[in-house]
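Q: Dropping the sequence and predicted coords here.
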Amino acid sequence: MELNLPVFDDSHRQMNDKVRRLCEERLAVLASGELEDPDAVAVDYIALLGQEGLFDPALGGALEGDAPRPELRALCVVRSLLARTSGLCDGAFGAHVQGLYPIALCGNEDQRAIYLPGMASGQTVVAVALLDGDVPCLVTPTEGGYVLSGGKQLVPLAPIAGQFVVLARHRSSSPSEVPRYSMFVVRADHCKITREAFVSPLPVGAVSFDNVEVDIDDRLGGEGQGLMIAQTSLDMMRLPAAAACLGIARHALNDGVAVLLKRGVSGRPLREQQAALFRLGDAVTQVDAAFSLVQNAAYRRDTTTSRESKGTTMARQLSQDAAEAACLAVSDLMGIRGLTASDPWTRLLAEVRALRLETEFLENARTVVAHSLIASVEADKKRSAAG
């Protein structure tokens, strides 16, 4: 990431230097063993990142008992560099943060003290379970606690997690009742975990709950606040996930073009093929435009109380689209060499697509932006009428 702009300060530049050294000296070595045993490498990544204090920007002052205020620009710096080095490393980082943040956000003093130190140091892996399986995850109140039944699917880090943060829907007493959700911390040894095939090496699984009893002390926040906690957590992850997309895109463009310049396309040097240059030029333009949206939205969210919903949504959507287009362009220009499952360019495309799982519901992004436009136009009309 270019950090010379005034939206970044010296702390972000120092973080950039620290993570860059970590990537070059230690993470690149671990990345060489990802395909052989991705589960073990993902555990090592989380432990190393925790040891280096890289989860701290997501916690704000939660470890000291304060309300968490994530430092989004720092998280964007971290994820951009991690993704440029290893999609698995970045995916593990993002999924772990997504799991620990609800505890930092809504956990009480005891819950923070019990869970956050081990998670922040990377010694304990946590996963968030949001998406219902074929049998929805339901919660039933009991005396002094709750019972969970049903299941969750596509849970990142499920095969290696020690705890799950689970969103469960309360059983409805009538068809007309508005659904209510609560969120709980559940130990992994209380669940049944089944590995699921996924587009990237990130460990993903389904989690089943067979009348699992949880104490009332395992609930995060108030009863019925689970959906709000989940939405707040997803919103916090959008800009860092966007930065990760762009990190993967820059990896594909820089390393891919270095290969293409040596080999050429269809027997001719790349520099002589205008169609190839046009496609690469469009990809770079999209990536740089998305980066501008990400840094501006992150700066505003870090320095004001604005949620910056429109800017965040546009940055997340454009980053995903730009990164997928960049990876696909490089893979296509490789010709037959870009078709094998083990090909690095094919893998990069899979890894950037996998980031859709992290913030979900990207199909709603365009709707959010359109509603913002409509509200702005209507506000302009009202001002004109009043004038």
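A: Yes, it's here. Given the structure is predicted, the values throughout are model-derived calculations rather than measurements.
Q: ok, now how distant is residue 35 from residue 347?
A: Using Cβ to Cβ, to the nearest Å, one gets 9 Å for the distance from residue 35 to residue 347. (Each C-beta comes from the backbone N, C-alpha and C, glycine too.)
Q: what does the average pLDDT come to for whichever strand or helix holds residue 20?
A: Residue 20 belongs to helix 10-22 when elements are defined using DSSP states H and E. Regarding helix 10-22, the rounded mean pLDDT is 96.
Q: same thing with stretch 69-87?
A: The average of the pLDDT scores along stretch 69-87 is 96.
Q: starting at the chain centroid, how far to it?
A: Chain-centre distance of stretch 69-87: 10 Å, with Cα atoms, centre = their mean, to the nearest Å.
Q: how about it as CSV, C-alpha atoms only?
A: Coordinates of the C-alpha atoms in stretch 69-87 are reproduced here as CSV (Å, rounded to 0.1, in the frame of the first residue of the first chain):
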residue,chain,number,x,y,z
ARG,A,69,-12.6,1.0,18.6
PRO,A,70,-10.8,-0.9,15.8
GLU,A,71,-8.1,0.9,13.9
LEU,A,72,-9.3,0.2,10.4
ARG,A,73,-6.3,1.8,8.6
ALA,A,74,-3.9,-0.4,10.5
LEU,A,75,-6.0,-3.5,9.8
CYS,A,76,-6.1,-2.5,6.1
VAL,A,77,-2.3,-2.2,6.1
VAL,A,78,-1.8,-5.6,7.7
ARG,A,79,-4.3,-7.4,5.5
SER,A,80,-3.0,-5.9,2.3
LEU,A,81,0.5,-7.2,3.0
LEU,A,82,-0.6,-10.6,4.4
ALA,A,83,-2.7,-11.2,1.3
ARG,A,84,0.1,-10.2,-1.0
THR,A,85,2.2,-12.9,0.7
SER,A,86,-0.3,-15.7,1.3
GLY,A,87,-4.0,-15.9,0.8
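Q: about what we covered before: neighbour count for residue 35 and residue 347, which is higher?
A: Per other Cβ atoms under 10 Å, whichever of residue 35 and residue 347 has more neighbours is residue 347, with 23 against 12.
Q: which residues touch that one?
A: 87, 200-201 (Cβ atoms under 8 Å, 6 or more residues apart in numbering).
Q: rerun that using 10 Å as the cut-off
A: Shown here is residue 347, whose contacts under the criterion Cβ atoms under 10 Å, 6 or more residues apart in numbering are 34-35, 87-88, 199-201, 248, 252, 327, 331, 340-341.
Q: what's the answer for residue 132, then?
A: Counting by Cβ under 10 Å, 6+ apart, the residues that residue 132 touches are 138, 150-153, 167-169.
Q: Repeat that for residue 47.
A: Shown in contact with residue 47 (Cβ under 10 Å, 6+ apart): 121-125.
Q: Most neighbours among the contacts of residue 132, which one?
A: residue 168 (28 neighbours).
Q: Please parse the protein into its domains.
A: For the chain, whose domains are defined here by automatic domain parsing, the residue ranges read 10-124, 129-223, 227-386.
Q: Out of the ones you listed, which gets nearest to residue 2?
A: domain 227-386 (7.9 Å; Cβ to Cβ).
Q: Can you get me the start-to-end distance on the closest one?
A: The straight-line separation of the ends of domain 227-386 (Cα to Cα, to the nearest Å) is 39 Å.
Q: Just put the domains of the chain in a markdown table and tack on distance to residue 4.
A: Compiled in a markdown table, those are given as follows (distance: least, Cβ to Cβ, whole Å):
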| stretch | distance to residue 4 |
| --- | --- |
| domain 10-124 | 9 |
| domain 129-223 | 32 |
| domain 227-386 | 11 |
